[in-house]
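S.K.: Quick one: sequence and predicted model below, then my questions.
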Amino acid sequence: MRATVMNAIRYIVVISAFVVGPRPALAATFADYRDDFAGTTVPPRWAYQWNAGGTLGDTNGYSNLVWSESMAMWNGDGGDPFPRPTGEYVNFRSEGGHPGPGTGQGAAADRFAIAGYTLPVSGPVYVTGSLFRVESSSGFDDLKVMVNSTTVRSLEQIKGDTNWNTSFDGWIGDWNAGDTVYVAVGPRGDHSYDGFVLDFSLSDRPQRAPRAAVDGASFTNQFLTVTPPRGWSYLWNSDGPIGNPRNYSPLQWNGAIYERDTDPDFPDIGPADYVYMSGNGTHGHPGRGVNDGAAYNVYCIVGLCVPTEGKYVLTNAWIQNISVGTIDLLVHVNTNAPLITMGNLSSNPVPHAFNVDLGYLNAGDHVYAAVGPNNHEYGNSFAWDFTILRRGGYGTLILIK
């Protein structure tokens, strides 16, 4: 009888340990391009527009597209067939669209197809579940995410290909109710073959990684070509110094490596230069350094959005300089001060460990591991791996014996 009672107590304790405790808050999705798309009447808070009267960012120059029942799309004047006298091929349809004319067609500025959404609440805003693809292999598009007149994410020269999508997920800042988020697609000077596939959502939390991503799987084991696995992001600090995720932009798959754009030409223009990630994630290279004329050191960055609150560690972590130059390594969470800074790492047959206790993290927090050029990008190739592991937290069943 005593054994039976004790067993019953054990089961009660186990169930209590599993159920009781704070649960991660569910993300609030404000908007979803495809789910919200409608014809005839523009959905609440949405706008389908093009910059007919000025450059992108001059919102006073934006004009509304008009619904074409015969073509099942929003286009320049609501008529058919293409090209239209207003806006030529510019349109939005339920699964994508097409930009307007570019400077190569005599336009004073590239004419973007612009999907705008006015935020209902104040707070952090994330792009989630995003995908973009230029439908023809002969086309090139630019994609920009703006809030009001401020560019917060820019993907340039996205090459057309039917085999992969480009993601532009990520935090785009803390904004106020009434601010408008614009996702704009432009023709890169020439609107030929520039039809695109598009989807995205706007949420108050990021798209979280599945639990497997933080229950002992390494970064390299989960590395994917074409599109990063859910919760992971492959980035570079395109718009400012390392440490502020607002400065980070996604690296893009060019058919062989993740780099600045989808164009197979490499190295790239500007401070990106040789920044890339490849080899199932096992190796990469940062971009330019300040001694190369860059305004800031350009890092190759991996991010993980944790799915569940709890105590986390970064473990089984190592990095090795496999070239003749020197590199820096930095690990930070959200916008917090770095937990690890390792500088001037030179070529060495023994890898450097960078294990660290990440502390207590909330669902939706981001962990970033970044490799920089130590001010000069010559000979900065590196190899690395790491695991982000959760220890305890909500949802962990702790057996009591």
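M.R.: Structure's in. What do you need?
S.K.: In a strand, Val185, correct?
M.R.: Yes - the assignment for Val185 by DSSP: H, G, I helix; E, B strand; the rest coil puts it in a strand.
S.K.: What's opposite it in the beta bridge?
M.R.: Counting by DSSP bridges, Val185 forms beta bridges with Ala113, Leu143.
S.K.: Could you measure from it over to His366?
M.R.: 26 Å (Cβ to Cβ, to the nearest Å). Every residue, glycine included, has its C-beta placed from N, CA and C.
S.K.: And Pro44, by the same measure?
M.R.: Taking Cβ to Cβ, one finds Pro44 at 31 Å from His366.
S.K.: quick one on the thing from earlier: so which of Val185 and His366 has more stuff around it?
M.R.: Val185 (28 against 20; other Cβ atoms under 10 Å).
S.K.: Could you point out which residue ranges in the stretch 1-150 of the chain have low pLDDT?
M.R.: 1-27 (pLDDT under 70).
S.K.: Tell me where it has strands.
M.R.: Per DSSP state E, counting those that start in this stretch, the stretch 1-150 of the chain carries strands over the ranges 29-32, 46-50, 63-64, 66-68, 73-75, 91-93, 96-98, 113-118, 123-134, 140-147, 150-159.
S.K.: Outline the domain layout of the chain.
M.R.: Using automatic domain parsing, the domain parsing of the chain gives 29-203, 211-391.
S.K.: Could you check how far stretch 136-153 is from the centre of its chain?
M.R.: Centroid separation between stretch 136-153 and its chain, computed with Cα atoms, centre = their mean, to the nearest Å, is 13 Å.
S.K.: Please disregard the earlier target; I meant stretch 269-286.
M.R.: With Cα atoms, centre = their mean, you get 16 Å for stretch 269-286.
S.K.: Just the residues contacting that stretch, thanks.
M.R.: Stretch 269-286 is contacted from outside by 219-220, 223, 234, 236, 238, 251, 256-260, 266-268, 287-288, 292, 294-300, 302, 322, 327, 371-373, 377, 380-385, using Cβ atoms under 8 Å, 6 or more residues apart in numbering.
S.K.: And those, which of them are buried?
M.R.: 219-220, 223, 234, 236, 238, 251, 257-260, 267-268, 287-288, 292, 294, 296-300, 302, 322, 327, 371-373, 377, 380-385 (16 or more other Cβ atoms under 10 Å).
S.K.: Apart from its neighbours in sequence, what residue is nearest Phe386?
M.R.: Ala317 (3.7 Å; Cβ to Cβ, 6 or more residues apart in numbering).
S.K.: Neighbours of Gly293, how many?
M.R.: Using other Cβ under 10 Å: Gly293 sits among 8 other residues.
S.K.: On the pLDDT front, check the residue nearest the centre of the chain for me.
M.R.: Centroid check for the chain by Cα atoms, centre = their mean gives Asp169 as the closest residue, at 3.2 Å. Asp169 is assigned a pLDDT of 84 by the prediction.
S.K.: re earlier: for Arg390, find the nearest of the strands of the stretch 1-150 of the chain.
M.R.: strand 123-134 (21.1 Å; Cβ to Cβ).
S.K.: Pull the distance from the closest one to the chain's centre.
M.R.: The answer for strand 123-134 is 7 Å, by Cα atoms, centre = their mean.
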